[in-house]
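*Asks:* what's the 3D shape of this:
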Amino acid sequence: MNRREKIGLFRRAAMVALLSAAAVGCQLSDVPKHLLPIPGMLVAKMRMIGVEIGSPIYVRIFKEESEVEIWKQTPNGSYALLTTYDICRWSGVLGPKIREGDRQAPEGFYTVTPAQMNPNSIAYLAFNIGYPNAFDRSLGRTGSNLMVHGACSSSGCYALTDEDAGEVFAIAREAFEGGQRAFQVHAFPFRMTAANMARHADSEHAEFWWMLKEGYDSFEATRTVPGVNVCDRRYVFNADAGGARFDANAVCPPYSVPEPTRTLVAQRSAAERLTYQNLIARMGGRAEPPPPPAIASALPPATTPAPGASGPFVVGAAPTPAPSAGAAPMPLSRPEVVAATAPVPPAPAPIAASTAVPTVSVEAPVTPAASSYYESLFTSGIWSATTSTVPPP
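*Replies:* So this is what the prediction gives:
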């Protein structure tokens with residue numbers, strides 16, 4: 001019997017035990033909180049949108065709207081929204097976390113492995129989102145134990161009610177059991193629409209937020225979770241460097257963005273750019289400040305594709321032309337977005353269900369310690385925090 005068969009056998013045995021207990025009057029309150037099943041309404045919703053209980057998940061967080069979205073992967077590789085939870089507490093203000101003790105909830109792109117799940121949290125149930133990531137560390141940002149948890153109280157974390165935290169924990173647990181090695185958590189200051197970007201145009205964090213918007217737009221355009229890497233102290237998305245290594249503190253290697261992702265994202269970026277510029281014009285010409293010189297000088301040049309050009313957009317070639325005089329500027333934190341100013345190729349045909357979906361790159365592979373922890377989750381039936389590298393809450 002292989003490992004997966006053993007896991008399945010354990011789960012079936014556990015379910016039989018739960019049903020047997022219920023038959024003799026035992027309540028679900030007698031079941032350990034970290035082993036509670038996913039509520040029936042959510043299971044029914046999964047069936048309705050055509051996803052399995054154990055299919056991969058993706059999490060988005062929006063500070064200003066105080067919402068956490070849970071997405072599930074469908075059989076064709078795209079993601080469908082399963083449910084949205086209200087955040088009852090998050091601390092700080094809009095903007096990234098900079099240092100330990102600033103009481104800021106993080107913003108950025110993070111990866112959660114089984115080792116980051118905490119069933120013995122003092123805040124009911126929790127998972128560590130993985131701050132600081134490679135991008136944060138490259139800028140000298142500090143902090144630790146930044147969680148999504150229950151107890152509805154926050155000191156730099158994202159807090160849910162205990163009931164909601166339990167559901168999120170159960171959904172993640174089943175995804176791990178289904179074979180997902182890690183899931184991404186993308187934390188945004190707000191929904192990254194052109195209207196919201198214009199509304200926050202004067203923020204000191206605007207340049208950072210435009211970089212976050214690239215990842216947001218990638219998912220909105222493709223409904224697939226973007227691959228995330230860090231180089232030159234910035235995020236890059238869906239980047240294929242042909243095996244070259246991405247180093248957060250080194251210049252980005254030449255890379256391409258595969259089709260149809262490049263075209264879909266470029267089309268959305270072009271539409272968002274136009275909306276943003278129109279909004280800025282109506283607001284009296286107010287515009288984003290240009291990138292600070294230190295950032296602008298670090299950006300590698302980009303190739304702007306010719307009209308009707310096909311194939312991947314390669315970063316790191318010819319210089320990008322300057323915008324025309326009088327045009328409302330739009331801040332660019334990465335050169336790929338410049339492609340949106342060029343004529344966009346015709347939209348590709350819809351992605352067929354049989355089309356292979358690009359592999360999502362996760363920043364942190366499962367370490368031996370995490371792998372050992374993962375093994376303990378489903379072979380012993382006990383989620384043990386003693387083998388986790390993540391401390392409370």
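
*Asks:* now the stretch 1-150 of the chain, which segments are flagged as low pLDDT?
*Replies:* Residue ranges of the stretch 1-150 of the chain with pLDDT under 70: 1-29.

*Asks:* Assign residue 154 to helix, strand or coil.
*Replies:* coil (DSSP: H, G, I helix; E, B strand; the rest coil).

*Asks:* Dihedrals phi and psi, it?
*Replies:* Dihedral pair for residue 154: phi -130, psi 140, per degrees, to the nearest 10.

*Asks:* and if you look at the one 5 residues further on?
*Replies:* As for residue 159, its main-chain torsions (degrees, to the nearest 10) stand at phi -110, psi 130.

*Asks:* For the nearest residue to residue 34 once chain neighbours are set aside, give its distance to residue 68.
*Replies:* In this structure, residue 34 finds its nearest non-sequential neighbour in residue 119, 3.4 Å apart by Cβ to Cβ, 6 or more residues apart in numbering. C-beta here means a position set from N, CA and C on the backbone, and glycine is covered the same way. Distance from residue 119 to residue 68, counting by Cβ to Cβ, to the nearest Å: 19 Å.

*Asks:* Between these two, which is the more surrounded one?
*Replies:* Shown here are residue 119 and residue 68; by other Cβ atoms under 10 Å, residue 68 has more neighbours (23 against 20).

*Asks:* For the closest residue to the more buried one other than its chain neighbours, what is the enclosing helix or strand?
*Replies:* Closest residue to residue 68 apart from its sequence neighbours, by Cβ to Cβ, 6+ apart: residue 85 at 4.6 Å. If you go by DSSP states H and E, residue 85 is part of strand 79-86.

*Asks:* Paired strands for that strand, with orientation please.
*Replies:* Strand 79-86 has these partner strands in its sheet, going by DSSP bridges: strand 67-73 (antiparallel).

*Asks:* So what touches the strand it pairs with?
*Replies:* Outside strand 67-73, the residues within contact range by Cβ atoms under 8 Å, 6 or more residues apart in numbering are 46, 49, 51, 55-62, 79-87, 148, 158, 160, 164, 168, 171.

*Asks:* Give me the buried entries from those residues.
*Replies:* Neighbour-count burial (16 or more other Cβ atoms under 10 Å) applied to those gives 46, 51, 55-62, 79-80, 82-83, 85, 87, 148, 158, 160, 164, 168, 171.

*Asks:* which residues of the stretch 201-350 of the chain score low on pLDDT?
*Replies:* In the stretch 201-350 of the chain (pLDDT under 70), the answer is 285-350.

*Asks:* in it, which spans are strands?
*Replies:* For the stretch 201-350 of the chain, the strands defined by DSSP state E, counting those that start in this stretch occupy 228-231, 234-237, 255-257, 313-315.

*Asks:* average pLDDT across stretch 169-183?
*Replies:* For stretch 169-183, the mean pLDDT works out to 97.

*Asks:* Let me see the domain layout of the protein.
*Replies:* When the chain is parsed with automatic domain parsing, its domains come out as 1-30, 32-182+368-393, 200-361.

*Asks:* one step back: could you check how far the residue nearest to residue 68 is from residue 61?
*Replies:* Residue 85 is 10 Å from residue 61, by Cβ to Cβ.
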